[in-house]
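*Asks:* model the following, please.
(one chain, ligands or ions: 1)
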Amino acid sequence: MAETIREAYIRKNPGSAELYPRFKDVFPGGGGGHDMRVAEPFPICIARGQGTRLWDVDGNEYIDFGLGSASLLLGHSHPAVVEALVQAAPRGSQFSHPHEAELEWGERVCNLVPCADKVRFVGSGAEATMLSMRVARAYTGKEKIVRWESHYHGWHDYAMPGSLPPFDVPASTGVPRGVMDSVIVLPPDLDALERTLANDNNIAGVITEGSGASYGTVPLKSGFLEGVRKLTRQYNVVMILDEVITGFRWSPGGLQQKIGLDPDLCTMAKILTGGLPGGAVAGSDEIMRVIAQTGDSHHDRFQRVSHGGTFNANSYAAATGNAALKIVATGEMQETADRMAERLRVGLREIVDRYEVAACVYGDSSTFHVYFGARSIEGFDAGTLKDQPLDIQNAFRQALQVRGVDLMSRTSGVLSGVHTEADIDRSLEAFDGAFKAMVDEGLVSHS
Ligand SMILES: Cc1ncc(COP(=O)(O)O)c(C=O)c1O
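*Replies:* Numbering: from 1, shown residues only. Reported below is the predicted structural model:
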């Protein structure tokens, strides 16, 4: 009997398996600090990363298409980012005062991102979307936020309604009723948005993940973002573009620059920091002014958005952010990442065709997604696309891991500007082997 995917995974990862009980002793669920890091029978434990590669505690090497949850457009440990961190390290980690690296970082953001007249740094992408919603509410004096089924905006309370199917049940327990009542979840449909905006005059903003839900797992129809812009303008509602994924990746100025969109606010994180914790909200001067203190005690106490955060614009994150954005600004990394992603998607489609499996491959910019169950996702809604059987997804990721490739989620990934054609071709061999193993185990059906 040939070794199964699961048996190969267990055989190749004795060190990770040995550490797992200790993880379970300390962390609820055993996966460390994030729901997505939980895996069956245990997750691989990573030791280091360099360029396009990760190495785990057993010495296994991976071509990485996860790239720090899409934060590393420049790859792991890019020399310029490492140098910036090394230079910054002895000068102090946290000043809690304005500092020049923060100023330079803010200027870089405002120069690169079209809608950014003003920027506020925060601690993460989730904090960015949370602050953006508060700013929209404060600016309009209205209470509700419209969001789209299955779009991911982080884990805070206001991001939980509608982020997972079934969309009428929040993605987490522990979310107060009051929060649920202040978030309207819609299918990504402009008519639905127009009806909602016309019938409810308590709407502050509409937040949209620029790529479509979960970095494009559920692609948006062409013209959708422009339609949201038109309607939000028409009804005086703040358009928030969540560029935590697309920011600096779709182009140096993000998706908004690439397609010429003019959101009121945008949220950023990931590539923004060069791979350290952090995020930002940026937008028009007029709207961002709701955060400003004026010195008028009545205004500052009663008429403005309060915002804090010890580690906002932390000096190490500002240093690595500046180093990364300097490189990002040239557009070369994005151009290479997009080209490599296209090479990968084309190669993956050839493999799917060769094995005649019911699967399809898609993705924009430097992303790729594999959907198991159909040869096309045409007409599929978020509920269907987000509902692939977990055993198939797990087997796919593990079949790749044992062949030296890792993904961002179980069935999709992102590329960097340092992936090479040789990396892609080597990865495609691993994908070929993974599809074959899945066919052999009867996990995927023929189309
Ligand atoms: C589109 C989008 N928004 C917000 C977030 C939350 O960012 P963070 O994980 O930094 O809190 C993410 C994270 O993946 C994201 O993809």
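*Asks:* next up, the contacts around the residue in the stretch 101-250 of the chain that the ligand sits nearest to.
*Replies:* Ranking the residues of the stretch 101-250 of the chain by distance to the ligand (CB to the nearest ligand atom) places residue 125 first, at 2.1 Å. C-beta here means a position set from N, CA and C on the backbone, and glycine is covered the same way. Taking CB atoms under 8 Å, 6 or more residues apart in numbering as the contact definition, residue 125 lies against 153-154, 244, 267-270, 279.
*Asks:* helices or strands next to the longest helix seen in the chain in the packing?
*Replies:* The helix spanning the most residues in the chain, taking DSSP state H as the definition, is helix 332-355. Based on contacts counted as 3 or more CB pairs under 8 Å, 6 or more residues apart in numbering; DSSP states H and E, the elements that helix 332-355 packs against are strand 359-362, strand 367-372, helix 421-440.
*Asks:* pLDDT on that helix, on average?
*Replies:* For helix 332-355, mean pLDDT is 97.
*Asks:* residues contacting the residue nearest to residue 71 when sequence neighbours are not counted?
*Replies:* Once flanking residues are discounted, residue 71 sits nearest to residue 270: 3.8 Å by CB to CB, 6 or more residues apart in numbering. Residue 270 sits next to 68-71, 125, 244-245, 247-248 when contact means CB under 8 Å, 6+ apart.
*Asks:* what's the helix or strand for residue 138?
*Replies:* Assignment of secondary structure by DSSP states H and E places residue 138 within helix 125-140.
*Asks:* just give me how far that helix sits from the chain centre.
*Replies:* If you compare the mean C-alpha spot of helix 125-140 with that of the full chain, they lie 18 Å apart, counting by CA atoms, centre = their mean, to the nearest Å.
*Asks:* what do you get for stretch 163-171?
*Replies:* For stretch 163-171 - counting by CA atoms, centre = their mean - the centre lies 18 Å from the chain centre.
*Asks:* buried ones in it?
*Replies:* Of all the residues in stretch 163-171, those buried under the rule 16 or more other CB atoms under 10 Å are 163-165, 167, 170-171.
*Asks:* now do stretch 107-125
*Replies:* Of all the residues in stretch 107-125, those buried under the rule 16+ other CB under 10 Å are 108-109, 112-116, 118-125.
*Asks:* which two among the residues you listed are spaced furthest apart?
*Replies:* Between all members of the buried residues of stretch 107-125, the longest pairwise span (CB to CB) is found for 114 and 123 and amounts to 24.4 Å.
*Asks:* ok, now which ones touch residue 432?
*Replies:* Residue 432 sits next to 351, 354 when contact means CB under 8 Å, 6+ apart.
*Asks:* do you know how far it is from residue 282?
*Replies:* As for residue 432, its distance to residue 282 is 43 Å (criterion: CB to CB, to the nearest Å).
*Asks:* again with residue 251
*Replies:* Relative to residue 282, residue 251 is positioned 15 Å away (criterion: CB to CB).
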